[in-house]
Structures are given as structure tokens and as C-alpha cells.
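**Q** A structural model of the following input is requested.
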Amino acid sequence: MYENVKVKLRNLKKYIPKCRMLKYITHFEDDILSQEWKESELESDELKNYKAKAEFYVRQHQDNIVIAKLKTNKPLSSQDMVLLEEILWKEVGTRDDYEQEYGQKPLGEFVREIVGT
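**A** Below you'll find the model as predicted:
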């Protein structure tokens, strides 16, 4: 029923008068009601421990080649493992921090748990 009405009205569309567009010029000024400064998420107390820092890093860098491979469940080469170790054991924290938090859990398994594969 709707389709029938739509087809019949389609032919009448050309008879609708075209109106000029009106243009309005306004001069509004914005008032600053309050100003708030927030610290970077990496600086907050929430990310002081290794576990939170590592999970935050992995979630924010899912486009990283190694993390993307783990997310899509593709095998890692030895170079990929070196890069992953460098990320988790040098950029985010140390190997001791990782082992203290996760023990002997493989790095790939750790990242897969975070990215959800």
C-alpha cells in the first residue's frame, strides 16, 4: 500500500514550487562558563601498575602490526616476538614487572586475552 502511494506521489514532485533559500547572518559570542584541565590517562593513578599500563597500551595500539596479527590469530615470526618483547618489556615496563604480574604466561597469550581472540 505504501509503495503504491509512493509511486503515485513521485510524479507530482515536479509540481512543488521551488522556494529561495533564506540566508541569515548572525553574530553570537561564546561565553566560557568553566575551564577544566585533565591529566593524561597515562599519568593517572589508575595506570601506575604494570598490568593496567600494559592493557591500556595494547587496547590503544591494536593497529600495531604485531598486536593486529595476534588479534586476527595469525602466527608471529621471531622478529614479531622481538618487537612484542620490546613493546611490553621496554616501552610499557620491564620484564621483571611483567613476570611479577603474569608469571611465565606467554606474551602472545597475554595480548590475545586483551584484544579478545
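**Q** What's the first helix or strand after the longest helix seen in the chain?
**A** Assignment by DSSP state H gives helix 50-60 as the longest helix of the chain. Using DSSP states H and E, the next helix or strand after helix 50-60 towards the C-terminus is helix 65-71.
**Q** CA-only coordinates of that following helix in CSV, if you can.
**A** Taking only C-alpha atoms (Å, rounded to 0.1, in the frame of the first residue of the first chain), the coordinates of helix 65-71 have been written out as CSV:
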residue,chain,number,x,y,z
ILE,A,65,51.4,-4.9,13.3
VAL,A,66,52.2,-7.4,16.0
ILE,A,67,49.1,-6.7,18.0
ALA,A,68,47.0,-6.9,14.9
LYS,A,69,48.4,-10.3,14.0
LEU,A,70,47.6,-11.6,17.4
LYS,A,71,44.1,-10.1,17.2
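**Q** Average pLDDT for it, rounded please.
**A** Regarding helix 65-71, the rounded mean pLDDT is 88.
**Q** List the buried residues for it?
**A** Across helix 65-71, burial judged by 16 or more other Cβ atoms under 10 Å covers 66-67, 69-71. Heads up, the C-betas are built off the backbone N, CA and C, glycines and all.
**Q** out of these, who's nearest Met1?
**A** Comparing the buried residues of helix 65-71 against Met1 with Cβ to Cβ picks out Lys71 as the nearest, at 48.2 Å.
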